[in-house]
Structures are given as C-alpha cells and as structure tokens.
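# here's my sequence, what's the structure:
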Amino acid sequence: MKKSISLLAGLLAVGSACAQPAIQETDSHSQGPELHLFATFTKSMKHNLALTIEEEIRSAPTHRSHTTLALTYTPIPYLSIYTGYTLKLYGNQGWTDVNKFLRHRANFLITGQFKLGQWNLSLREGVMLDARADKIDTREKNAVDWTLRSRLQAVYSIPKTPLAVVTKLEMLNTLNAPVEYLNSIASSTKYGQYISEWRPEAGLQWKINKQHSLTLTYRYNYIYGRNVDIQDNGDALLTNDYSVKHLILLAYKLGW
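Numbers count the residues shown, from 1 in each chain. Next up is the predicted model:
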C-alpha cells in the first residue's frame, strides 16, 4: 500500500513538473548608441484644436521610420487631449512581404500641466495600440498589443537665455500580454501583465523663436520582454529578456 501511494505521489509530481513551462533568463545586453531624428510640424486651428504631422527616423540597428498624423484638443490651458495614428516601417525586415515590415499604431493621450515660475510640469497618461499585419501564433504574440503609457516631465527655462532643461520619465505597462496559454498549462504559477519599459531622459531645448525649436536629449531605455516560444512537441519556453538601449534624440519643431 505504501509503495502504491509513493508511486502515485511520484507520478503526480512528474506530471506537475511537466505542466510547468520552461523559463530561461536572458542577461541584460546593451545596444547603441542609436540616433533618433524627429521633424514635427504643428498647425493651430479654431476651437482649440491643433493638427500635427511628425516624421521619426531611427538609425541602425533598428532601421525604422514612424510617420504620425495627430490631432490635439486643448479645452483649458492646463489640459490637452491627443489622438494620433502612426504608420511604422521596419527597414531591417526586408521589402519582399509588406506584412512583415509594416505596422500600425494608435495613441490616445491626456496631459495635465501647470507652470510654476520657470518650471513647466506635466503628467501624461494614455493608451497605445500596436497592430501587426503578419501571420502569428496568437498563443505567443498578439495581433494587437495594448500598452499603458505614463510620463512625468519637467522643463526648466533658463532665465535670460533661449535654453531650457528637459527631463522626463516614462513607463510602459502591458495590458494584454498573451498569457492564457501559459496559465492553462501552469498549475501553480500564474502569469500576468508587466512593466515592459522604463525611459528616463534628459537634455536641452533651444527656442530659436516662437515658431522654431530644437531639442537634444539622451534616453536610457530599459526594456523587459516576456517572450513565449511554443515548441513542436507542445512544450512552452518562456524567455525573460532584459536589454538596454542608449538613445540620442534630436527633434526639430515648427509650430504656427
């Protein structure tokens, strides 16, 4: 009887172990420096509306361009509501299949801000949607990723100069990580949403005149990815990937 109980317990233990997805930790690796160039054109319109067209080019190894069309509504000086669509092109994916190098993005952002002497402080919250066009295993990746974006920003205008110090801290949090398959095979560990990026940033802004400005900043981009790889035999490999990017951002803005 005792042998039977021991054998049954052993089988249950083995079964429980087999139900657990394999987890592999990947050490942090550093990328960069990488240059991001921005050109933004904003036209103020009636009814507190502003239309923005922005082009972003990312250098190697990313080789990516983002073209954005956005509308901003400012009902009061302390609050603005932003909606934008971005067409993303991935140059490093090749050009043979449009579904591989093309992505769609939408942003809905609300920003509250106020001035305190030479300081301009703001808090931005919003949702970002990234849509894929290629065929994927939806147990591993989403056709549409939902991300919560939170950003705290402080801009200090240096007295008697056209310069301002810019500091930012942005956090990205996944809202629909593909964890249903993992949770269905893991008996004890439940996987959920997680913070995917931290983006501290600092630099200088040069206000050339009322219409033109240049901003040069450095961003430390810490990225965490939880990647699922389902093997042919049905086993699931969960990779926790940590990486860091060092980014130089140069942005030109024209507003009228």
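# Ser213 contacts Ala164, correct?
No - using Cβ atoms under 8 Å as the test, Ser213 is too far from Ala164 to be in contact (9.0 Å). Every C-beta, even on glycine, is put in place using the N, C-alpha and C of the backbone.
# below-threshold pLDDT in the stretch 101-250 of the chain: ranges please.
Filtered on pLDDT under 70, the stretch 101-250 of the chain yields the residue ranges 187-188.
# about what we covered before: can you list residues touching both of Ser213 and Ala164?
By Cβ atoms under 8 Å, 6 or more residues apart in numbering, Ser213 and Ala164 have these common neighbours: 205, 207.
# is Asp232 part of a helix or strand, or is it coil?
The three-state label given to Asp232 by DSSP: H, G, I helix; E, B strand; the rest coil is coil.
# can you report how many residues neighbour it?
For Asp232, the count of nearby residues is 5 (other Cβ atoms under 10 Å).
# cool, and Val179?
By other Cβ under 10 Å, the residues close to Val179 number 19.
# contacting residues for it?
Taking Cβ under 8 Å, 6+ apart as the criterion, Val179 is in contact with 190-192.
# rerun that using 6 Å as the cut-off
Going by Cβ atoms under 6 Å, 6 or more residues apart in numbering, Val179 touches Tyr191.
# and the gap between it and Glu140?
Going from Val179 to Glu140 by Cβ to Cβ, to the nearest Å gives 11 Å.
# which residues in the stretch 1-150 of the chain form strands?
Remark: strands assigned in the stretch 1-150 of the chain by DSSP state E, counting those that start in this stretch are 22-44, 49-58, 64-76, 79-90, 102-116, 119-132, 144-157.
# give the buried residues for stretch 120-132.
120, 122, 124, 126, 128-130, 132 (16 or more other Cβ atoms under 10 Å).
# ok, stretch 157-175 next?
157, 164, 166, 168, 170, 172, 174.
# tabulate those (JSON lines), appending distance to Thr42.
Formatted as JSON lines, those follow (distance: Cβ to Cβ, whole Å):
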{"residue": "Ser157", "distance to Thr42": "19"}
{"residue": "Ala164", "distance to Thr42": "18"}
{"residue": "Val166", "distance to Thr42": "17"}
{"residue": "Lys168", "distance to Thr42": "19"}
{"residue": "Glu170", "distance to Thr42": "21"}
{"residue": "Leu172", "distance to Thr42": "24"}
{"residue": "Thr174", "distance to Thr42": "30"}
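# for Leu49, give the beta-bridge partners.
Assessed by DSSP bridges, Leu49 has beta-bridge partners Tyr73.
# my bad, Asn221
Beta bridges link Asn221 to Lys245, judged by DSSP bridges.
# give the full set of residues in contact with it.
Here Asn221 is in contact with 199, 245, 247 (Cβ under 6 Å, 6+ apart).
# same question for Gln31.
Lys245.
# and it, what pLDDT?
We have a pLDDT of 74 for Gln31.
# against Lys135, how distant is Ile76?
According to Cβ to Cβ, Ile76 stands 46 Å off from Lys135.
# let me redo that: Leu51
35 Å.
# compare neighbour counts for the two and give me the winner.
Neighbour tally, Leu51 and Lys135, criterion other Cβ under 10 Å: the higher count belongs to Leu51, 13 against 9.
# mind putting the buried residues of stretch 120-132 in CSV, distance to Ala70 included?
As requested, those are exported to CSV (distance: Cβ to Cβ, whole Å):
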residue, distance to Ala70
Asn120, 20
Ser122, 17
Arg124, 13
Gly126, 12
Met128, 13
Leu129, 14
Asp130, 16
Arg132, 21
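# what sits closest to the residue nearest the centre of the chain if chain neighbours are left out?
Residue closest to the mean C-alpha point of the chain, counted by Cα atoms, centre = their mean, is Leu172 at 5.5 Å. Using Cβ to Cβ, 6 or more residues apart in numbering and skipping the chain neighbours, the partner closest in space to Leu172 is Glu197 (4.0 Å).
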